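**Student:** Curious how this folds, go ahead:
(2 chains)
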Amino acid sequence: MTIETALWWSICRSLLVSTIALPLAAILWQLCSAGSGRSIQKRLLAFGAILPLFVPDLLVGFTYRLTSTRLVHSVAATEALYAALLLIRIVSLQVAVRLVLPASSVTIESLHSWKMQQSPTPGWWLTWLRMQILGPLRRPLAAWLAGCLLCFQDFETAALLQIDRHPIAWTVWLFDAHAAGEPLRNSLRFVSEGLILQAAILVPAIFLLNASQKSTEGLNTASNTKPNGARKRAINVIALLLLTGSLITVAGWPAISNGGSIADGFLTLWRQNTLQPRSKQIAASLITSITAAALALSISRWLCELKSRVLVIAFLLPGLCGSLFVSLTMLAIFQLPGVNKAYDTWLPMILGQSVLIMPRAWLLVTLLNVNSNSGTLHSAKLLGNATYHKSQQMAHAILWRLQHRRWVLVIAILSHWCLWDVTIASTLRPVTFEPIVTRLYNEMHYNRTETLVALTVLTIATPFIAYLLIGSVWKRTSLLRGTDA
Amino acid sequence: MPDSLWNLENVSLAGDSLVGNSRNRLHEISLHIPAGVTAIVGYSGAGKTSLLNVLAGMETPSSGKVESRHSDTRLSAAEFSLPLFWAPQDGGLWPHLTAIQHLNAMPGCQTELNAANSRKSADNWLQLFDLEHRQNAVPRELSKGEQARLSIARALAANSAVLLMDEPLTHVDPARKPKYWSLIREHIMASNSSLVFCTHETAVVIRESQFVICLENGQVIHTGTSQQLYDNPPNVNVAQFLGPINWFDREASSIWLADQISQQTDFGLRPERTLLIPDENGALRILSFHFSGSYAETKLEHIPSSSEKTFVHRPSGNVHQPGQLVRIQVLS
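**Tutor:** Reported below is the predicted structural model:
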């Protein structure tokens, strides 16, 4: 099979999955954003809807690898399984895009005002199309493009499910070719072919993001398109079924099917005296991922203040091309004379992770900026100058709640993505260090299911506990600062 | 209280390129803001909010120097709990706190160590701003008008030496605005604090402020006392910031006012100083007449020269008809 064949399979799958995901994401989004205010119920629904996006590919791929083995004789069934798993993630992504994309400046009123003009001028349809793209079509279009991109770039799920030749994915083809000794120059040439196709998705996606940033309206809900009565109830039932099905597939079933091995896995680790070295591995990987996340976040904050859009796009583009492109490019860069001294260090891995998550970091910072009311924050900062301790403490508590807590959450989300990315970890890690995600893949490769499950639980739990600690220390420091001032 | 709250020297504030605005929002402003009540006026987009944001420290100027002398009061005046607080245009309320919690967070509501007294003070503010029935509502549950009132109540409860208010009470019903303005006025006078606010309401500027700053296209075009700007504005452009005015140069004065005022320079007459008197021998003919409540607007023709001009004047009680002959009387 050639790279071109693999590319065509990937393109067709991306278009199909992202298109099918579109109506499903729309009804799920309706469910998450219906009604007024921000009730706990709405928050839980939104959390559930975007949770599949954060479930590690390794966990899902490993759980369904056995199913894929059973389906090895049926190309259609293997492809359908892979597409279904992708579909759940893409629906989740599209809901997230719809939830976080700020309201359009093209309102229903502006569209109606345009419609009211009696005599359309020549070329009116161009304006009409532009208004539709920036107005009602903007959110679904952005969601569809993001879905296409994520689907096209997927590597890990495809690699885990591929028993024979299927599912065919260009990323797996490329990685296999590179692992089989294909020269880096050839690998980069193959990457560039994929890059051209991704550019076709990226250019309109950046255009839409660009248009979003001009909006100052904040988060939007589905209120304008909310159906009523029996239809609404039916849609809500479908959405709830969809949500339940997705969560069972990517979180519930992996937890149930592997949960029984957790105790045995920890016992094995304990007996083999590997619990301590593995914990150190997790801690080191976590520190690396937090460093990469903090770096990406700092650069993104700087990018958000930049006036040059070209420079912003230049910083975001490599990450948008996926982890395979980033890792191979970094590999090539750190082999160049002058920088090759840093080849076998932590630097390439940290930089690679930062570059990969840069677009996501930029998006999160932009969203935080759009959704943070600067007047509200500044009111709290002014209150912090009070001569009364209680008012100072109150000001710092408000700032923690409205600002600092969000930054901790952003770092947690970004470092989660860094921690679980196997492509960059396995390609750019220093020789003396094995990131935990690579260790997990090795455990899976050698079929050590029990220790794999135990380590996976530990890898999920450690950051969770770490962020809770970081958060509480940060909060406490803020409050103490308020008392001391 | 120092004589000066802020001194600004050549302060510029760059435009927000992210929203497609590349021109400076403030352009080389040099300004002295005195203690007392200062109003910032100007048309939409003139830079009023940008100037308040710079004064509040929310935005940092791209160039120039801002000297905040109001912070001296923090050290010198023990009666103030805060050097500065504000009520931004959107209220700047904290989304997770109820109305009563907003006020309880303020130093002005904590002067008593007794918790019960503290609560009473917050309750007072709620009562004064007609919000007692909304004390447990969070901002998203309040109407725009209620949010505006809570924002002002919170600002007053801050007990700060200087208050900044960006278009206060904009969304509040006009009938109750004077009541809330009198609360603001009483608080400022009783606490001997200062207020800097921006508004589009000329009546509020005239009634509430002692000093006025006029902005246009990010530049200061006039500063002075409110009385001075009302009575003797330097030009028609600035004069209109404080409401309608009839503007005359020497030639126009002799035609329309028949030399009732002998002034060498251009000057303005507010409507309350101008009256139309029916006069069968008058040289002016009414072309159209519109009654606007506190003043009337009449389009006149000067018959000998066939020139036309629109006048704002005090309503005389007479119904003026088009074609009627009149003369203008200037009241002292």
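**Student:** wait, A:Val339 sits on A:Leu331?
**Tutor:** No - in terms of C-beta atoms under 8 Å, A:Val339 does not count as a neighbour of A:Leu331; the distance is 11.6 Å. Any C-beta I mention is one placed from the backbone N, CA and C, and that applies to glycine too.
**Student:** who's more crowded, those two?
**Tutor:** For A:Val339 versus A:Leu331, the count of surrounding residues by other C-beta atoms under 10 Å in any protein chain shown is larger for A:Leu331: 18 against 12.
**Student:** Unless I misread the structure, that one falls within a helix.
**Tutor:** Yes - applying DSSP: H, G, I helix; E, B strand; the rest coil, one finds A:Leu331 inside a helix.
**Student:** Now do it against A:Tyr343, distance only.
**Tutor:** From A:Leu331 across to A:Tyr343, the span is 9 Å (C-beta to C-beta, to the nearest Å).
**Student:** Compute the number of surrounding residues for residue 168.
**Tutor:** Here I'm looking at chain A. Neighbours around A:Ile168, by other C-beta under 10 Å: 22.
**Student:** looking at chain B here, not the other one
**Tutor:** Counted with other C-beta under 10 Å, the neighbours of B:Pro168 add up to 28.
**Student:** pretty sure it is touching B:Val196, no?
**Tutor:** No - the pair B:Pro168 / B:Val196 is not scored as a contact, 11.1 Å apart, by C-beta under 8 Å.
**Student:** hey, where'd the helices end up in the stretch 51-200 of chain A?
**Tutor:** Secondary structure of the stretch 51-200 of chain A, counting by DSSP state H, counting those that start in this stretch: helices at A:57-70, A:75-100, A:108-115, A:124-134, A:138-153, A:156-161, A:170-179, A:184-213.
**Student:** Of those helices, which is nearest A:Ile413?
**Tutor:** Nearest to A:Ile413 among the helices of the stretch 51-200 of chain A is helix A:75-100 (10.9 Å), distances taken as C-beta to C-beta.
**Student:** Counting neighbours, which bits of that closest one end up buried?
**Tutor:** Buried residues in helix A:75-100, counted by 16 or more other C-beta atoms under 10 Å in any protein chain shown: A:78-79, A:81-83, A:85-100.
**Student:** ok, which of those also contact chain B?
**Tutor:** Residues of the buried residues of helix A:75-100 in contact with chain B (C-beta under 8 Å from any C-beta of the partner chain): none.
**Student:** where does the chain have low pLDDT?
**Tutor:** Using chain A here. Chain A contains residues with pLDDT under 70 at A:34-38, A:102-103, A:105, A:117-120, A:202, A:205-228, A:370-372, A:478-485.
**Student:** Not quite, go with chain B.
**Tutor:** In chain B (pLDDT under 70), the answer is B:1-2, B:16-22, B:70-79, B:111-120, B:318-319.
**Student:** what's the domain layout of it?
**Tutor:** As assigned by automatic domain parsing, chain B contains the domains B:4-240, B:246-330.
**Student:** Single out the residue in chain A that lies closest to chain B.
**Tutor:** Chain B sits closest to A:Gly375 of chain A, with a gap of 3.5 Å, by C-beta to the nearest C-beta.
**Student:** What helix or strand is that residue located in?
**Tutor:** Per DSSP states H and E, A:Gly375 falls inside helix A:374-383.
**Student:** List the buried residues for the following helix or strand past that helix?
**Tutor:** As assigned by DSSP H and E, the chain's next helix or strand after helix A:374-383 is helix A:389-399. Residues of helix A:389-399 classed as buried under the neighbour-count rule (16+ other C-beta under 10 Å) are A:Lys390, A:Ser391, A:Gln392, A:Gln393, A:Met394, A:Ala395, A:His396, A:Ala397, A:Ile398, A:Leu399.
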